[in-house]
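**Q** got a sequence here, can you build the structure:
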Amino acid sequence: MRDIYDGVKNHFRDNPDVVISEGKGAQGLKHNNKMFAMFYKGDLTIKVKPETAAKLIDQGKGLPHDPGTGVPMKDRILIPASLKGSWISMCELSLEEVKTK
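**A** Here you go, the predicted model:
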C-alpha cells in the first residue's frame, strides 16, 4: 500500500541533514534530532518562524496548527492533503529555517 508521504520521504531520503522518523510515535522529518516536519493525520505540519507561519497562513498556503489544546501554535502550520503538491517545497523551507535558527 502506498503511503501519502512517500514523495516527501523519497525526496529527503539521501539528504545527510535529515532523518526520516518512521515507526511508532511521531513520524516525520528531523534535523539535529528535532522534528521540523510531522506527518499528521494525512496532512503535513511544518515548523517555521512565527512570522513565516503568519505570512503563509495569510497567503492561503497553510492553516493554523492546533495540536488539540484549543490554541494554535505560532511556529507551526498545517498543510492539508489538498495542497500536497507543495509539501516538498514547504519541507525545504522549514528545513532552511530550522538550520538558520
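**Q** I'd like the average pLDDT over the helix ranked longest in the chain.
**A** Looking across the chain with DSSP state H, the single longest helix is helix 87-99. Helix 87-99 shows an average pLDDT of 96 in the prediction.
**Q** could you list every helix and strand that it packs against?
**A** helix 6-12, strand 28-31, strand 34-40, strand 43-47, helix 50-58 (3 or more Cβ pairs under 8 Å, 6 or more residues apart in numbering; DSSP states H and E). In this view, the C-beta of every residue, glycine as well, is placed from N, C-alpha and C.
**Q** of all those, which lies closest to Gly85?
**A** helix 6-12 (9.4 Å; Cβ to Cβ).
**Q** picking that back up, relative to strand 43-47, how tilted is the longest helix of the chain?
**A** Orientation note: helix 87-99 sits at an angle of 20 degrees relative to strand 43-47 (axes from the mean of the first three to the mean of the last three Cα atoms, to 10 degrees).
**Q** for helix 87-99, which outside residues touch it?
**A** 7-8, 11-12, 17-18, 29, 31-32, 34, 36-37, 44, 46-49, 52, 56, 61-62, 79 (Cβ atoms under 8 Å, 6 or more residues apart in numbering).
**Q** same question for it: list its buried residues.
**A** Across helix 87-99, burial judged by 16 or more other Cβ atoms under 10 Å covers Trp87, Ile88, Met90, Cys91, Leu93, Ser94, Leu95, Glu97, Val98.
**Q** go on, stretch 23-32?
**A** So for stretch 23-32, counting by 16+ other Cβ under 10 Å, buried means Gln27, Gly28, Leu29, Lys30, His31.
**Q** turn the buried residues of helix 87-99 into a markdown table, including distance to Pro72.
**A** Compiled in a markdown table, these are given as follows (distance: Cβ to Cβ, whole Å):
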| residue | distance to Pro72 |
| --- | --- |
| Trp87 | 20 |
| Ile88 | 24 |
| Met90 | 17 |
| Cys91 | 20 |
| Leu93 | 19 |
| Ser94 | 17 |
| Leu95 | 22 |
| Glu97 | 18 |
| Val98 | 19 |
